[in-house]
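*Asks:* sequence first, then the predicted structure:
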Amino acid sequence: MNVSGEHDQPDGVPARPSASARPVKPPRTPVAERVRDAVGRVRTAGPPPGPPRPGFWRSPLRGPWLTGVFGLILLVGVIVLSVTGLLSYAAYNPDLAARNDQTPDKGWLGFYLFTWPTSPYWLYRVTQGVHTVLGVVLVPVLLAKLWSVIPKLFEWPPVRSAAHALERLSLLLLVGGAGFTFVTGILNIQLDYIFPGSFYTLHFYSAWVFMAAFVVHVSFRLPRAVRAVRAGRGFQPAPDSEEAAGLVSPSPAPATISRRGAVAMVGVGSLALLVVTAGQSIGGWWRKTALLAPHGRDPGTGPNGFQINKTAASSGIRPSDIGPDWRLTVRGAGRQEILTRDMLLAMPQREAALPIACVEGWSTPDQQWSGVRLTDLAALVGLGTDTPQVLVDSVQRGGSFSSVVLAPNQARDDRSLLALRVNGADLSPDHGYPARVIIPAAPGVHNTKWVTRLTFGEPA
């Protein structure tokens, strides 16, 4: 009998400790405190050898003033680039049909601004010319800005707080997005599609990443950049001060050029790129200076001697596709008409002086087009002056923009033609013989060549 009142335990089984005798777990340290402790240990240990150490970067030019100047120039330039880029997207009238914009999973990023106007007829030539030329001109400024802040990319410790982590992430997206967006844009200007996938899709998404990161970065850095520029180029804060922002070297090397000279050098580089690029958008005599414009695509002299992107051969157009057996089918309102080229030439011929302006930034001078108005073709199937949108199909097999949907305002414009001739001569095969559409203020890819069918008003 157990006089003490404790229960007997079986042999070999230790007694269970009472609740008061169990070890108590220490309270867990909050995550924020643990992060602060880790950052403190990293900071105490100091940066590793190489770029993270402040003494690694010795240029005496780096500092808030130089970075601020390049940053403010890019602020204005990127805003113009973003606006003209969005206008270029709107010019494709993306909500009319998937044919006009085949960007997958664009969601709310593909918001529709407005129906693109047809007047002034040179609108797309100007907006896209500004977009592409400015993108090239800003390259030296972008590179100089990246050079001026490169110590920030190796900042130590890499993360000091949640706000600092957000800023660092925006910087990574900013640098990567800017590089990818500018590189793909310049390759597109050169018609050099060495990147995988569609330029439109890649440029679309990279531009949004770049613009979002740019907005976050500006919200952090704009006040500091303005203060630095106002302080003047002679002001260089102490390396360990807050105003230095980690850009000022604690042991600078002897200067070989002044800060003003550095800005001037970058300006000369941008001016040089302007001279060798802008001519492809301005046209006329200036086209001779456009050394960076795509070459080897001039179809020769004469009435059809103006620039093209794709030849008939490169687009897979066979002689039989555009020979005597070619026909134009016009559909709409439950009716259909089939026309030969001679029948089209027998209809009232209209003229319009319009350029071709492409997304790559190049444009032609005004060409004198003649042919049949789209409204007259719509009237053949009973649609008359209330011309609806129209689906334009080419005999081209596959590829981007072998068909396109034109908005009602584009189809109704008196200058919108199914062109049969240009500058007094028949269209050449490379320019769309036997018939092509020409639309005022539209992107060049919407001026479909080798047209074989027009479908008015039906779902595209």
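*Replies:* Sure thing, it's come through.
*Asks:* ok, now how distant is G232 from V263?
*Replies:* As judged by Cβ to Cβ, to the nearest Å, G232 and V263 stand 13 Å apart. Using the backbone N, CA and C atoms, a C-beta is placed for each residue, glycine as well.
*Asks:* more neighbours: which of the two?
*Replies:* V263 (19 against 9; other Cβ atoms under 10 Å).
*Asks:* ok so the more buried one is a helix residue?
*Replies:* Yes - checked against DSSP: H, G, I helix; E, B strand; the rest coil, V263 lies within a helix.
*Asks:* which strand or helix spans the closest residue to it other than its chain neighbours?
*Replies:* In space, and not counting its chain neighbours, V263 is closest to V69: 5.9 Å by Cβ to Cβ, 6 or more residues apart in numbering. Of the helices and strands defined by DSSP states H and E, V69 is found in helix 64-91.
*Asks:* and whichever helix or strand comes after that helix, what does it pack onto?
*Replies:* For helix 64-91, the following helix or strand on the C-terminal side (DSSP H and E) is helix 123-137. When contacts are defined as 3 or more Cβ pairs under 8 Å, 6 or more residues apart in numbering; DSSP states H and E, helix 123-137 packs onto helix 64-91, helix 162-189, helix 259-277, helix 279-282.
*Asks:* the residue nearest to V263: neighbour count?
*Replies:* 23.
*Asks:* I'd say it and V229 touch.
*Replies:* Yes - using Cβ atoms under 8 Å, V69 makes contact with V229 at a distance of 6.0 Å.
*Asks:* show me what contacts I322?
*Replies:* 312, 395, 429, 433-434, 450 (Cβ atoms under 8 Å, 6 or more residues apart in numbering).
*Asks:* what about S314, neighbour count?
*Replies:* 12.
*Asks:* over to L113?
*Replies:* Residues near L113, counting by other Cβ under 10 Å: 13.
*Asks:* neighbours of the nearest residue to it once chain neighbours are set aside, how many?
*Replies:* Spatial nearest neighbour of L113, excluding adjacent residues (Cβ to Cβ, 6+ apart): A90 at 4.1 Å. Neighbours of A90 under the rule other Cβ under 10 Å: 18.
*Asks:* per-residue pLDDT of A90, please?
*Replies:* At A90, the model reports a pLDDT of 92.
*Asks:* give me phi/psi at V422?
*Replies:* phi -140, psi 130 (degrees, to the nearest 10).
*Asks:* gap between it and G300?
*Replies:* 14 Å.
*Asks:* just to revisit the earlier point, figure out which of the helices and strands packed on helix 123-137 is closest to L202.
*Replies:* Closest to L202 of those is helix 162-189 (Cβ to Cβ; 5.5 Å).
*Asks:* let me know the angle separating the next helix or strand after the closest one from helix 162-189.
*Replies:* The first helix or strand that comes after helix 162-189 along the chain, using DSSP H and E, is helix 199-231. On the basis of axes from the mean of the first three to the mean of the last three Cα atoms, to 10 degrees, helix 199-231 is oriented at 120 degrees to helix 162-189.
*Asks:* now helix 199-231, how far from the centre of its chain.
*Replies:* 14 Å (Cα atoms, centre = their mean, to the nearest Å).
*Asks:* returning to that earlier point: just the buried subset of the contacts of I322, please.
*Replies:* 312, 395, 429, 433-434, 450 (16 or more other Cβ atoms under 10 Å).
*Asks:* which one in the residues you listed is the model shakiest on?
*Replies:* A312 (91).
*Asks:* ok, for that one, nearest residue in space, not its chain neighbours?
*Replies:* With Cβ to Cβ, 6+ apart, the residue lying closest to A312 is P429, at 4.1 Å.
*Asks:* I figured that neighbour hits I317, correct?
*Replies:* Yes - if you go by Cβ under 8 Å, P429 and I317 touch, sitting 6.8 Å apart.
*Asks:* relative to A253, which of the helices and strands packed on helix 123-137 is closest?
*Replies:* Short answer: helix 259-277, nearest of the helices and strands packed on helix 123-137 by Cβ to Cβ, at 14.3 Å.
*Asks:* export only the CA atoms of that closest one, formatted as PDB.
*Replies:* Output of helix 259-277 as PDB, limited to C-alpha atoms (Å, rounded to 0.1, in the frame of the first residue of the first chain):
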ATOM      1  CA  ARG A 259      31.000  67.500 -64.100                       C
ATOM      2  CA  ARG A 260      29.900  70.100 -66.600                       C
ATOM      3  CA  GLY A 261      32.100  68.400 -69.200                       C
ATOM      4  CA  ALA A 262      30.600  65.000 -68.500                       C
ATOM      5  CA  VAL A 263      27.100  66.400 -69.000                       C
ATOM      6  CA  ALA A 264      28.200  68.000 -72.300                       C
ATOM      7  CA  MET A 265      29.800  64.800 -73.500                       C
ATOM      8  CA  VAL A 266      26.600  62.900 -72.900                       C
ATOM      9  CA  GLY A 267      24.700  65.700 -74.700                       C
ATOM     10  CA  VAL A 268      27.000  65.500 -77.700                       C
ATOM     11  CA  GLY A 269      26.400  61.800 -77.900                       C
ATOM     12  CA  SER A 270      22.600  62.300 -77.800                       C
ATOM     13  CA  LEU A 271      22.800  65.000 -80.500                       C
ATOM     14  CA  ALA A 272      24.800  62.700 -82.700                       C
ATOM     15  CA  LEU A 273      22.200  60.000 -82.400                       C
ATOM     16  CA  LEU A 274      19.500  62.500 -83.200                       C
ATOM     17  CA  VAL A 275      21.300  63.500 -86.400                       C
ATOM     18  CA  VAL A 276      21.700  59.900 -87.600                       C
ATOM     19  CA  THR A 277      18.200  58.800 -86.600                       C
END
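*Asks:* contacting residues for L109?
*Replies:* L109 sits in contact with 204-205, 208, where contact means Cβ under 8 Å, 6+ apart.
*Asks:* appreciated, that's everything.
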